[in-house]
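K.L.:
pasted the sequence and its predicted model underneath.
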Number of protein chains: 2
Amino acid sequence: MSEAVSRPTLEAVAARAGVSRATASRVVNGGDGVREPLVERVRRAVEELGYVPNQAARSLVTKRHDAVAVVIAEPETRIFTDPFFALQLRGISKELTAQDNQLVLLLTEGRDDHARVARYLAGGHVDGALVFSLHLDDPLPGLIEGAGVPTVFGGRPGWSGGSKSAVYVDCDNRGGAEDAVRHLVGLGRTRIAHITGPLDQTSAADRLQGYRDVMGETDPRLVVASDFTPSGGERAMGELLDRCPDVDAVFAANDLTALGALRVLRERGRRVPEDVAVIGFDDVLPVAEQTEPALTTVRQDIEEMGRLMARLLLSTLNRGEPATGAPTGVVLPTTLIRRATA
Amino acid sequence: MSEAVSRPTLEAVAARAGVSRATASRVVNGGDGVREPLVERVRRAVEELGYVPNQAARSLVTKRHDAVAVVIAEPETRIFTDPFFALQLRGISKELTAQDNQLVLLLTEGRDDHARVARYLAGGHVDGALVFSLHLDDPLPGLIEGAGVPTVFGGRPGWSGGSKSAVYVDCDNRGGAEDAVRHLVGLGRTRIAHITGPLDQTSAADRLQGYRDVMGETDPRLVVASDFTPSGGERAMGELLDRCPDVDAVFAANDLTALGALRVLRERGRRVPEDVAVIGFDDVLPVAEQTEPALTTVRQDIEEMGRLMARLLLSTLNRGEPATGAPTGVVLPTTLIRRATA
DNA sequence: TTGAAAGCGCTAACAT
DNA sequence: ATGTTAGCGCTTTCAA
């Protein structure tokens, strides 16, 4: 565009350095098996000409793109409220950058886009995909499997089809929830409630499972469904107080939910943690450190999960194998962070 | 990878349709000047073979990539707390998708990455760039100008160098601020304070300017600097109350700041809006609608700004011209949204 | 309207 | 260790 100032080619570099194109190529790609003086001359030519390899030409022959798609399914409205995805993206970006790969972002808006994404992935424009799609009935994972592109999922995928073992990275949602509830029990609480996330997402389902693991059979009114948002947390907490005025602890499915719950508890004059103890999940700092009182919560290292997804995918790509037999799911540990609410 | 099941080429499609590669290519690219029966046959062949064009091969000859880079400078820690960027990204993504372009995301972490980004852009991997970099002294815009890639900035760029008129999309920060402050004046408030954003960002600087436009010379203690975060808002509000206990209105530089301010006002027993009226900026729904009381704020259509950036860039690309003489800055209007705090 | 053929810039055998 | 050469899959003159 602009100045039609066509960029220098390898040919030009070779000419300037007085070597063949092949030698120039070798130097540009690491310089193995080329004698020092020549390497030097080529390097200088590259420098002087400001040569940058034409990625399209390179891809055409290598069939590698050094690019990875990150697919985020939009039903995840969370993207826009929860720092979760942003943090994970940052982790992914850091790792890809470190390994000289580009990040192609694919945001989807509903079903129509699924086909588009599948086509894109199948089109072989990227070497692999990192996919966030945690809904139980999401057709995306199936489509992607069909596209035959190496893929790592963010969060345990919950679709029923797909015989193939999906590779994913997740945190120990169940174990983390168990820890939280156990902590509440240890505090002597007996009427421990749980405000769930959207149960069609595996993370929410797993956290509920963790709660049940510890609580066993319990008053069903102590479990109320919500949606990972602050306002959802408010609604749920309100209901909870109406139904079970004697509740003395709440395990919220995430920090945002806890935020809403705290708000309602304050409104209704319950002291935290004296009357009602509260624990969240995620440890998203700008939220957890700023609630009042500061939120006790289950930490997951979100950025690290992103890095790990990228690392896993890239190592798969470099081995050429679709990670068969490799760990099919990597589950990161969680830590209970004690602050003031429990 | 995986099944080494090499994808069908145009050649294969042509063969199957019984036409030349040239004709097949024409059909794939719109089918102009090809007679209907042939178009039909080629289309069917494409369908049957599941043909998808090899973008690398195509780019090699067209010199177009149908890809746009989105550069977000990391000092913007806001990315991870403020829905602002996520929304803008969504707008960008929608528009790019609609015009069949890919979004390559470049997140930068500090200066070292600047060079990397500049090199990437100069490398001609993408057709253009959308850049968020609103710091006064940011070297990035300069580097990018040097890369010679058509670029649209998100927010008025504030760097001093660069003679070339940069194309950018922004909202009317100054006008919006004026509206807000005027509204407070109309409410009969006389001790109107302003909690600023980081003043090395043009948006924050422009909002402060708007405040000054209306207030004229005023008690300097009524202006306190902050950083667009809730905790920053808390600190600033605390200071404000200490210095000027008679403050009766606050214009906060953004919603997150207002959130923090509201928190402190409540703690200190000031009624909102009776004792102190509060107005924010952005109208990020999950924040503004959920404060207590609901926040009166200046709305900017963030997603639309994203769309517009993309649209502007793409039309520039399609015209081949670097938008010289074209609008150098597009400033979207803002609206005051009255809720309960003012 | 259709086809033949010449590259786009690069890598990877293969020769030397 | 270096050079020669044959494509990678596509678009695009140019002829027919």
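P.N.:
Structure's in. What do you need? Numbers count the residues shown, from 1 in each chain, chains lettered A, B, ... in the order given.

K.L.:
which strands or helices does the helix or strand A:Glu47 falls within pack on?
P.N.:
Counting by DSSP states H and E, the element that carries A:Glu47 is helix A:36-49. In terms of contacts (3 or more CB pairs under 8 Å, 6 or more residues apart in numbering or on different chains; DSSP states H and E), helix A:36-49 is packed against helix A:10-17, helix A:21-28. All C-beta spots, glycine's among them, are computed from the backbone N, C-alpha and C.

K.L.:
for the ones you listed, give me CSV that also has distance to DNA strand C, mean pLDDT and mean neighbour count.
P.N.:
Compiled in CSV, the helices and strands packed on helix A:36-49 are given as follows (distance: least, CB to the nearest atom of the strand, whole Å; pLDDT from 0 to 100; neighbours: other CB atoms under 10 Å in any protein chain shown):
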stretch, distance to DNA strand C, mean pLDDT, mean neighbour count
helix A:10-17, 3, 95, 19
helix A:21-28, 3, 96, 19
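
K.L.:
make a markdown table out of these and add distance to DNA strand D.
P.N.:
Formatted as a markdown table, the helices and strands packed on helix A:36-49 follow (distance: least, CB to the nearest atom of the strand, whole Å):
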| stretch | distance to DNA strand D |
| --- | --- |
| helix A:10-17 | 7 |
| helix A:21-28 | 3 |
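
K.L.:
which is the next helix or strand following the helix holding A:Glu47?
P.N.:
Going down the chain from helix A:36-49, the next helix or strand is helix A:55-62, by DSSP H and E.

K.L.:
now that next one: mean pLDDT?
P.N.:
For helix A:55-62, mean pLDDT is 95.

K.L.:
list the helices and strands that helix packs on?
P.N.:
Using 3+ CB pairs under 8 Å, 6+ apart, helix A:55-62 sits against helix B:55-62.

K.L.:
now the helix it packs on, how far from the centre of its chain.
P.N.:
30 Å (CA atoms, centre = their mean, to the nearest Å).

K.L.:
between the helix or strand that comes right after that helix and strand A:67-73, how big is the angle?
P.N.:
Next in sequence after helix B:55-62, counting helices and strands by DSSP H and E, comes strand B:67-73. Counting by axes from the mean of the first three to the mean of the last three CA atoms, to 10 degrees, strand B:67-73 points 80 degrees away from the direction of strand A:67-73.

K.L.:
what lies in contact with strand B:67-73?
P.N.:
The contact list for strand B:67-73 (CB atoms under 8 Å, 6 or more residues apart in numbering or on different chains) reads A:104-105, B:79, B:85, B:89, B:92, B:96, B:101-108, B:117, B:120-121, B:125-133, B:135, B:138, B:140, B:144, B:149, B:310, B:313-314.

K.L.:
same thing with stretch A:224-239?
P.N.:
Here stretch A:224-239 makes contact (CB under 8 Å, 6+ apart) with A:78, A:81-82, A:193-199, A:204, A:240, A:243, A:250, A:252-254, A:256-261, A:263-265, B:286, B:290.

K.L.:
how about the residue of the stretch 151-300 of chain A found nearest DNA strand C, what does it touch?
P.N.:
Closest contact between the stretch 151-300 of chain A and DNA strand C, by CB to the nearest atom of the strand, is at A:Thr151 (23.9 Å). Residues near A:Thr151 by CB under 8 Å, 6+ apart: A:128-131, A:144-145, A:166-167, A:313.

K.L.:
check A:Leu106 too.
P.N.:
Residues in contact with A:Leu106 (CB under 8 Å, 6+ apart) are A:69-72, A:117, A:120, B:103.

K.L.:
of all those residues, which comes closest to DNA strand D?
P.N.:
A:Tyr120 (14.6 Å).

K.L.:
and the next helix or strand past the helix or strand hosting that closest one?
P.N.:
Assigned by DSSP H and E, A:Tyr120 belongs to helix A:111-122. Of the helices and strands lying after helix A:111-122 in sequence (DSSP H and E), the nearest is strand A:128-132.

K.L.:
what's the pLDDT at the closest residue to A:Val223 other than its chain neighbours?
P.N.:
Take A:Val223 and drop its neighbours on the chain: the residue closest to it by CB to CB, 6 or more residues apart in numbering or on different chains is A:His194, 5.0 Å away. pLDDT, A:His194: 98.

K.L.:
do the same with the one 10 residues further on
P.N.:
As predicted, A:Ala204 sits at a pLDDT of 96.

K.L.:
and what about it, helix, strand or coil?
P.N.:
Three-state call for A:Ala204 (DSSP: H, G, I helix; E, B strand; the rest coil): helix.

K.L.:
so who does the closest residue to it other than its chain neighbours touch?
P.N.:
In space, and not counting its chain neighbours, A:Ala204 is closest to A:Gly197: 3.0 Å by CB to CB, 6+ apart. Residues counted as contacts of A:Gly197 (CB under 8 Å, 6+ apart) are A:203-204, A:207, A:226-228, A:253-254, A:257.

K.L.:
among those, name the buried ones.
P.N.:
For the contacts of A:Gly197, a burial check counting by 16 or more other CB atoms under 10 Å in any protein chain shown picks out A:203-204, A:207, A:226-228, A:253-254, A:257.

K.L.:
okay, helices next: where are they in the stretch 101-250 of chain A?
P.N.:
Assignment of helices within the stretch 101-250 of chain A using DSSP state H, counting those that start in this stretch yields the ranges A:111-122, A:140-147, A:173-186, A:202-215, A:230-243.

K.L.:
and the first one, what does it pack against?
P.N.:
Using 3+ CB pairs under 8 Å, 6+ apart as the contact criterion, the elements in contact with helix A:111-122 are strand A:67-73, strand A:102-108, helix A:140-147.

K.L.:
what angle do the first one and helix A:140-147 make?
P.N.:
Strand A:67-73 runs at 150 degrees relative to helix A:140-147, counting by the same axes, to 10 degrees.

K.L.:
strand A:67-73 pairs with which strands, parallel or anti?
P.N.:
strand A:102-108 (parallel), strand A:128-132 (parallel) (DSSP bridges).

K.L.:
I figured A:Ala180 was touching A:Val298, is that so?
P.N.:
Yes: between A:Ala180 and A:Val298 there is a contact under CB atoms under 8 Å: 5.3 Å.

K.L.:
find residues that contact each of the two.
P.N.:
In terms of CB under 8 Å, 6+ apart, A:Ala180 and A:Val298 are both contacted by the residues A:279, A:281, A:336.

K.L.:
could you look up the SS state of the first one?
P.N.:
Put plainly, it is A:Ile279. From three-state DSSP, the assignment for A:Ile279 is strand.

K.L.:
right, and it touches A:Thr257 too?
P.N.:
No: applying CB under 8 Å as the test, A:Ile279 and A:Thr257 come out as separate, 10.7 Å apart.

K.L.:
and A:Asp127, its phi and psi?
P.N.:
Main-chain dihedrals, A:Asp127, degrees, to the nearest 10: phi -80, psi -20.

K.L.:
sorry, wrong one. I was asking about A:Thr316.
P.N.:
Main-chain dihedrals, A:Thr316, degrees, to the nearest 10: phi -60, psi -50.

K.L.:
bridged to A:Phe251, which residues?
P.N.:
Note on A:Phe251: beta-bridge partners by DSSP bridges are A:His194, A:Ile279.

K.L.:
check contacts around it.
P.N.:
A:177, A:180-181, A:184, A:192-195, A:211, A:279, A:281.

K.L.:
same check on A:Asp32?
P.N.:
For A:Asp32, the contact set (CB under 8 Å, 6+ apart) comprises A:Arg26.

K.L.:
related to what we said a few turns ago, could I get the helices of the stretch 101-250 of chain A as JSON lines with distance to DNA strand D?
P.N.:
What follows is the helices of the stretch 101-250 of chain A, written out as JSON lines (distance: least, CB to the nearest atom of the strand, whole Å):
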{"stretch": "helix A:111-122", "distance to DNA strand D": "13"}
{"stretch": "helix A:140-147", "distance to DNA strand D": "17"}
{"stretch": "helix A:173-186", "distance to DNA strand D": "43"}
{"stretch": "helix A:202-215", "distance to DNA strand D": "38"}
{"stretch": "helix A:230-243", "distance to DNA strand D": "48"}
